[in-house]
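Colleague: Provided below are the primary sequence and the corresponding predicted coordinates.
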Amino acid sequence: MDLPTDPWRVSLPVFEGPLDLLLYLIKKAEVDIYDIEIASITDQYLGYLEQMAKHDLEIAGEFLVVAANLIYIKSRTLLPEDQQPPEEEAEEEDPRWELIKQLVEYKKFKDAAGDLGERERLRELIFHREAKPAVAAAAPEEEAPKKPVLGRVSVLDLVKAFQTVLQRARERDGFKEIFEDKFSVSDKIQAILDLIEKSGRLRFFELFNDMTSRTEIAVTFLALLELIRLKQLKCVQSDVFGDIDILRAGA
């Protein structure tokens, strides 16, 4: 189903939810669910959300939650095996696995629903059922879910900021794409907390300013996501195009 169009609006496909969108992207790429290329799927997924935002379409909260999860998984896949978060290493070898399980279950549900719908249509054709009378008054539409925010910064804003950090880093002299240095998420969590303790708040882009390797940037972003997930930190933004401030959740 397509969105209504007018001369000023670009038509985008409408999906029932984030898993529906991911299944569409996987089918389009002609790959098996168990072999998804997380970096490529993440970029396409975020690209779709950016198109929605560009055309002033409301993005449901669940889409943004999955966006944050995708960028988290993508960040983890950038790390060598010996630099994975230790608490997660014991649970799953492949950071994609939980997402893959959700996609498989959702596909089963969707296929089953499609079969039921097809049977219903066949019954209507066979028995020539009369159309149901129109409902007198449509039920009031439920209010669309609001974007989940990390402080005053949406998950999508945080994802975009991380992509900007990587792009800026690649343009700097001496930037290393290979995994030479050893960094751990737990060490970076402590480093971020120490910086917050000293200054009260951090600027998002300044946090990554002196980093010269992709590994360190990815590990630091994972540490920040974990602190936000644990509700120890929050992110706020005073200006629409300004830097993002990181501070204690209770501040």
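Modeller: Nice, I can see it. Numbers count the residues shown, from 1 in each chain.
Colleague: Spatially nearest residue to Arg203, not counting backbone neighbours?
Modeller: Nearest-residue entry for Arg203: Asp243, 4.8 Å, with adjacent residues in sequence omitted and distances by CB to CB, 6 or more residues apart in numbering. Backbone N, C-alpha and C define where each C-beta goes, glycine included.
Colleague: can you give me the strands in the protein?
Modeller: Per DSSP state E, the chain carries strands over the ranges 149-150, 153-154, 201-203, 233-236, 245-248.
Colleague: Those strands: which one's closest to Ser184?
Modeller: Closest approach to Ser184 among those is made by strand 233-236 (18.2 Å; CB to CB).
Colleague: Which other helices and strands does that closest one contact?
Modeller: When contacts are defined as 3 or more CB pairs under 8 Å, 6 or more residues apart in numbering; DSSP states H and E, strand 233-236 packs onto helix 214-229, strand 245-248.
Colleague: so which of the ones you listed is the most packed in?
Modeller: Comparing the helices and strands packed on strand 233-236 by mean neighbour count (mean count of other CB atoms under 10 Å), helix 214-229 comes out on top with a mean of 22.
Colleague: Now do the helices in this structure.
Modeller: 18-29, 38-54, 61-77, 86-89, 97-127, 155-170, 185-199, 204-207, 214-229 (DSSP state H).
Colleague: Could you break the protein into its assigned domains?
Modeller: 1-147, 148-251 (automatic domain parsing).
Colleague: sorry, back to before: could you tell me the least trusted of the helices of the chain?
Modeller: Per-stretch mean pLDDT for the helices of the chain is lowest at helix 86-89 (a mean of 48).
Colleague: buried set for stretch 199-219?
Modeller: Buried positions in stretch 199-219, judged by neighbour count with 16 or more other CB atoms under 10 Å: 202, 204, 207-208, 211, 213-219.
Colleague: I'd like those residues as TSV, with distance to Ala161 appended.
Modeller: Converted to TSV, these look like this (distance: CB to CB, whole Å):
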residue	distance to Ala161
Leu202	13
Phe204	6
Leu207	10
Phe208	10
Met211	14
Ser213	19
Arg214	16
Thr215	19
Glu216	17
Ile217	12
Ala218	14
Val219	16
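Colleague: and of the residues you listed, the nearest to Lys101?
Modeller: For these, the nearest to Lys101 is Ala218 (24.0 Å; CB to CB).
Colleague: from what I can see that closest one touches Ser75, true?
Modeller: Yes - under the criterion of CB atoms under 8 Å, Ala218 makes contact with Ser75 at 4.7 Å.
Colleague: So for those two, which residues contact both of them?
Modeller: Residues touching both Ala218 and Ser75 (CB atoms under 8 Å, 6 or more residues apart in numbering): there are none.
Colleague: Phi, psi for Asn209 please.
Modeller: phi -50, psi -50 (degrees, to the nearest 10).
Colleague: ok, it to Val165 distance?
Modeller: 9 Å (CB to CB, to the nearest Å).
Colleague: likewise Cys235?
Modeller: When CB to CB is the yardstick, Cys235 and Val165 sit 14 Å from each other.
Colleague: Name the residues contacting each of these two.
Modeller: Common neighbours of Cys235 and Val165 (CB under 8 Å, 6+ apart) are Phe204.
Colleague: who are the neighbours in contact with Thr220?
Modeller: 183, 188, 192, 207-208, 211.
Colleague: cutoff 6 Å now
Modeller: Applying CB atoms under 6 Å, 6 or more residues apart in numbering, one finds that Thr220 lies in contact with Lys188.
Colleague: ditto for Asp243
Modeller: For Asp243, the contact set (CB under 6 Å, 6+ apart) comprises 203-205.
Colleague: Now do the phi/psi pair for it.
Modeller: Main-chain dihedrals, Asp243, degrees, to the nearest 10: phi -70, psi 160.
Colleague: What distance do you get for it to Asp210?
Modeller: 16 Å.
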